[in-house]
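# Prediction below, plus the sequence it came from.
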Amino acid sequence: MAGEPDELRELTSEGVEQAKALGARLAALPDPPRLVVTSPLIRARQTGAEIATATGATVRVEEALSPGATAAAVIAALGDEPGPVATVGHQPDCSEIARAVLGRDPGFRVAGMAELELTA
């Protein structure tokens with residue numbers, strides 16, 4: 001909503017539908033995520049909750065996925081967590097993390113996803 005700090009913005013009804021659709025896509029994978037790690041911002045947590053509902057995963061809020069996240073910070077936050085793990089972050093961070101891991105930006109759209117293999 002106009003005038004609200006970005007940190008307090010919730011998903012719109014369209015955003016909720018996009019999050020549900022993303023959750024359904026992840027749930028349909030041969031090995032869906034067992035854990036959803038999300039930024040502490042409200043709409044990221046709401047997206048993570050929809051993904052967890054669809055996949056049966058648990059959710060963990062992680063400061064390392066706050067705006068400004070880096071590949072190194074995400075890798076450190078995930079530690080030895082067995083995968084697959086879905087992460088919910090923000091742009092342009094997701095593109096920068098993908099670029100660091102893949103060497104290219106997969107062109108994230110809203111509620112988009114890319115599969116990355118992160119190693120410590």
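It's in.

# if I look at the residue positioned nearest the centre of the chain, how far off is Glu10?
Per CA atoms, centre = their mean, the C-alpha nearest to the average position across the chain is that of Val88, at 1.4 Å. Plainly put, Val88 is 14 Å away from Glu10 if you go by CB to CB, to the nearest Å. All C-beta spots, glycine's among them, are computed from the backbone N, C-alpha and C.

# likewise Pro32?
Pro32 is 25 Å from Glu10, where distance means CB to CB.

# Looking only at neighbour counts, state which of those two leads.
Of the pair Pro32 and Glu10, Pro32 is the one with more neighbours under other CB atoms under 10 Å, namely 17 against 13.

# what's the neighbour count on the residue lying closest to the more buried one once chain neighbours are set aside?
Leaving aside its sequence neighbours, Pro32 sits nearest to Thr55 (CB to CB, 6 or more residues apart in numbering; 4.4 Å). Counted with other CB under 10 Å, residues neighbouring Thr55 total 22.

# just the helices in the protein please.
In the chain, the helices defined using DSSP state H lie at 13-27, 42-55, 71-78, 93-102.

# ok so, going back, from what I can see the residue nearest to Pro32 touches Leu26, true?
Yes. Between Thr55 and Leu26 a contact is recorded at 5.4 Å, counting by CB atoms under 8 Å.

# Quickly list what's touching both of the two.
Common contact partners of Thr55 and Leu26 (CB atoms under 8 Å, 6 or more residues apart in numbering): 32-33, 86.

# picking that back up, most tightly packed of the helices of the chain?
Comparing the helices of the chain by mean neighbour count (mean count of other CB atoms under 10 Å), helix 42-55 ranks first with a mean of 21.

# So which elements touch that one?
Packed against helix 42-55, as judged by 3 or more CB pairs under 8 Å, 6 or more residues apart in numbering; DSSP states H and E, are the following elements: helix 13-27, strand 35-38, strand 58-61, strand 85-88.

# now these as JSON lines including distance to Pro106?
JSON lines is the format used below for the helices and strands packed on helix 42-55 (distance: least, CB to CB, whole Å):
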{"stretch": "helix 13-27", "distance to Pro106": "15"}
{"stretch": "strand 35-38", "distance to Pro106": "19"}
{"stretch": "strand 58-61", "distance to Pro106": "24"}
{"stretch": "strand 85-88", "distance to Pro106": "14"}
